[in-house]
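K.L.:
Below is the structure, and that's it, no one-letter string:
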């Protein structure tokens, strides 16, 4: 009887919490994506106006609640000297979001090489991966087939994990909800490998 009541209490008053890394080169739109995500999922969220978001130097933290799931985001700076800090967060992460600047054709290969370096860490084995082709609202950007062709070179590093490439505009919100919905489903499905933290609903 006690175990039944305890299970009911957990269901009613506790929430599964997953940590998600947001990575990518500098100026890819990671922080804008985080702000837009919080605006769209958190009804009373009052963040920065999107035109005031600046390049991350260090770490931005955010969160959203969807159903009984909480996603905690760590948005890390993408400058070359800051990429060396990314691996400090790998072991605690349940999901990865990698943001690609679709308007920066000259740095596409550089972005893919940083992506490869990230996935070379054993600490990320099996972690679900959402690749966002950002800035799709702009004119004359890389299309999805061009981005997929570049990142298909990383198929061995990606392995058998859940992986999805989503066209988005962090500025307009296009594709953001679809990407987050996909990631929520995947981190839950992967919880037998990386169990969530459990927190009381507040």
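P.N.:
Here it is on my side, so go on. All values reported here derive from a predicted model rather than from experimental measurement. Numbering: from 1, shown residues only.

K.L.:
Next, the buried residues of the longest helix along the chain.
P.N.:
Counting by DSSP state H, the longest helix found in the chain is helix 176-189. Within helix 176-189, the residues scored as buried using 16 or more other Cβ atoms under 10 Å are 176, 179-180, 183-184, 186-188. (C-beta placed from N, C-alpha, C; glycine too.)

K.L.:
now the helix or strand hosting residue 17 against helix 176-189, angle please.
P.N.:
Residue 17 belongs to strand 14-23 when elements are defined using DSSP states H and E. The directions of strand 14-23 and helix 176-189 differ by 120 degrees, with axes from the mean of the first three to the mean of the last three Cα atoms, to 10 degrees as the criterion.

K.L.:
tell me what whichever helix or strand comes after strand 14-23 is packed against?
P.N.:
Toward the C-terminus, strand 14-23 is succeeded by helix 30-41 as the next helix or strand (DSSP H and E). Here helix 30-41 touches strand 14-23, strand 59-66, strand 69-76, strand 95-101, helix 176-189, going by 3 or more Cβ pairs under 8 Å, 6 or more residues apart in numbering; DSSP states H and E.

K.L.:
Report the rounded mean pLDDT for the longest helix of the chain.
P.N.:
Averaged across helix 176-189, pLDDT comes to 97.

K.L.:
Which residues does that helix contact?
P.N.:
Defining contact as Cβ atoms under 8 Å, 6 or more residues apart in numbering, one finds that helix 176-189 is touched by 16, 18, 20, 33, 36-37, 40-41, 64, 66, 69, 71, 94-95, 97, 128, 130, 132, 162, 164, 166, 168, 170, 194, 196.

K.L.:
May I see the helices and strands packed on helix 30-41 arranged in CSV, with distance to residue 141 as well?
P.N.:
Formatted as CSV, the helices and strands packed on helix 30-41 follow (distance: least, Cβ to Cβ, whole Å):
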stretch, distance to residue 141
strand 14-23, 20
strand 59-66, 24
strand 69-76, 22
strand 95-101, 9
helix 176-189, 17
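
K.L.:
Packed most tightly, which of the ones you listed would that be?
P.N.:
Neighbour counts (mean count of other Cβ atoms under 10 Å) averaged over each of these peak at strand 95-101, with a mean of 24.

K.L.:
And for stretch 161-174, what's in contact with it?
P.N.:
Contacts for stretch 161-174 (Cβ under 8 Å, 6+ apart): 29, 32-33, 35-36, 39-40, 50, 99, 102, 125-137, 144, 147-148, 151, 175-176, 178-179, 182, 186, 189-190.

K.L.:
Also stretch 43-52?
P.N.:
Contacts of stretch 43-52 (Cβ under 8 Å, 6+ apart): 32, 35-36, 38-39, 170-171.
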